[in-house]
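> coords below, sequence missing:
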Ligand code: TXA
Ligand code: MG
């Protein structure tokens, strides 16, 4: 059990930032907010720090970590192979919620990359994340700051639930504004390939480069066609209670739920606001069907709401639209529900 310190006001008290930077450099684990979700950070150049991250999360060590940087110079430590396409994406989206996968330089620890010859790198735009990396002066390895398998944390309270006593510091600041993890994009080939959808959509990447595709393994139920990103094969985002998804336009969903009977208190409902309004019942709101950005920000918090002592099953609506952040929401929900969808 570690003695976890919770840090507030880091941006107004410079000595705290210096202390955190020093702690990271020496191999301590620090949870910090980013614009996507909270990250569980450690010195990306120090094997013992990386081991401490895997231990704190309970994560399989073949699932590689993203290295977070605060300047383009830091990228040089990690890769010597930055294509023109990669540069264009960095110009368009960094700092921000885009992770790029490069061929790694020799010397980048196999522990951080799960033994792969590539390394995933992101420059976050959250001011605290940038300041913390800058203070440490080294690339910071940081997976989402949840226990392995659970939904990623979007509030300090989620981090405390999962990691108090398992990390050295938690920087508390509730200002995550996207709510889903970054888009992961492989730029080692001739065409960029999205390995994990996020708020930066395939369309946005194609608008910059005029090319790009989704990893076909992402939407495949074929055992042979596995996703390219190691993390995408693990059970993930799972709420405590088994979940089934419902997909359809609002009236079909309402009719289905009415015929099915929605009175069972042990069945948790997580529905779009207009569905709840038409049903006239209590349930958790996903947010507006037409406002998927808002749905994304609240999604992991909503999944964490359902506890096994209160519910046996969750029925959750899934947006049909894969436009914009819809693709990423669909990806997370399908994984959280083990791909179980009722189409109505
Ligand atoms: O928004 C985010 O990306 C957050 C914040 C903290 O930055 N981080 C995050 O990290 O979501 P994590 O570890 O939970 O997810 C990283 C994903 C995993 O699916 C992992 O398999 C994939 O990135 N990944 C890491 N390195 C890779 C590589 N070299 N090649 C392919 N996929 C990689
Ligand atoms: Mg994660």
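Looks like it came in fine. Note that the structure is predicted; figures quoted are calculated from it, not measured. Ligands and ions are numbered 1, 2, ... in the order given.
> What segments of the stretch 101-250 of the chain are strands?
Assigned by DSSP state E, counting those that start in this stretch, the strands in the stretch 101-250 of the chain fall at 118-122, 140-141, 169-171, 183-186, 193-196, 213-214, 243-247.
> can you put those strands in a markdown table and add mean pLDDT and mean neighbour count?
C-beta: built from backbone N, CA, C; applies to glycine. Shown next, in a markdown table, are the strands of the stretch 101-250 of the chain (pLDDT from 0 to 100; neighbours: other CB atoms under 10 Å):
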| stretch | mean pLDDT | mean neighbour count |
| --- | --- | --- |
| strand 118-122 | 98 | 25 |
| strand 140-141 | 98 | 28 |
| strand 169-171 | 98 | 25 |
| strand 183-186 | 98 | 24 |
| strand 193-196 | 97 | 23 |
| strand 213-214 | 96 | 14 |
| strand 243-247 | 95 | 19 |
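> For residue 21, find the nearest of those.
Nearest to residue 21 among the strands of the stretch 101-250 of the chain is strand 140-141 (10.1 Å), distances taken as CB to CB.
> With distance to residue 39 added, can I get the strands of the stretch 101-250 of the chain in a markdown table?
Formatted as a markdown table, the strands of the stretch 101-250 of the chain follow (distance: least, CB to CB, whole Å):
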| stretch | distance to residue 39 |
| --- | --- |
| strand 118-122 | 9 |
| strand 140-141 | 8 |
| strand 169-171 | 10 |
| strand 183-186 | 14 |
| strand 193-196 | 15 |
| strand 213-214 | 24 |
| strand 243-247 | 25 |
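> could those strands go into a markdown table alongside distance to ligand 1?
What follows is those, written out as a markdown table (distance: least, CB to the nearest ligand atom, whole Å):
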| stretch | distance to ligand 1 |
| --- | --- |
| strand 118-122 | 3 |
| strand 140-141 | 9 |
| strand 169-171 | 12 |
| strand 183-186 | 5 |
| strand 193-196 | 5 |
| strand 213-214 | 14 |
| strand 243-247 | 20 |
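> Out of those, the one nearest residue 331 is which?
strand 193-196 (7.3 Å).
> For the stretch 101-250 of the chain, which residues are neighbours of ligand 1?
Neighbours of ligand 1 within the stretch 101-250 of the chain, by CB under 6 Å from any ligand atom: 101, 113, 116, 118-120, 122, 124, 142-144, 181-182, 184, 195-196, 229-232.
> let's go with 5 Å and repeat that
Contact residues (CB under 5 Å from any ligand atom) of the stretch 101-250 of the chain with ligand 1: 101, 116, 118, 120, 142-144, 181-182, 184, 229-231.
> and of the residues you listed, the nearest to ligand 1?
residue 231 (2.1 Å; CB to the nearest ligand atom).
> Looking at per-residue confidence, what score does that closest one get?
You'll see residue 231 listed with a pLDDT of 67.
> just residue 322 next, same as before
Looking at residue 322, its pLDDT stands at 88.
> do the same with the one 5 residues further on
If you check residue 327, the pLDDT there is 96.
> Can you give me the buried ones in the helix or strand in which it is found?
Element membership for residue 327, per DSSP states H and E: helix 326-336. Neighbour-count burial for helix 326-336, counted by 16 or more other CB atoms under 10 Å, picks out 326-334, 336.
> Much appreciated, bye for now.
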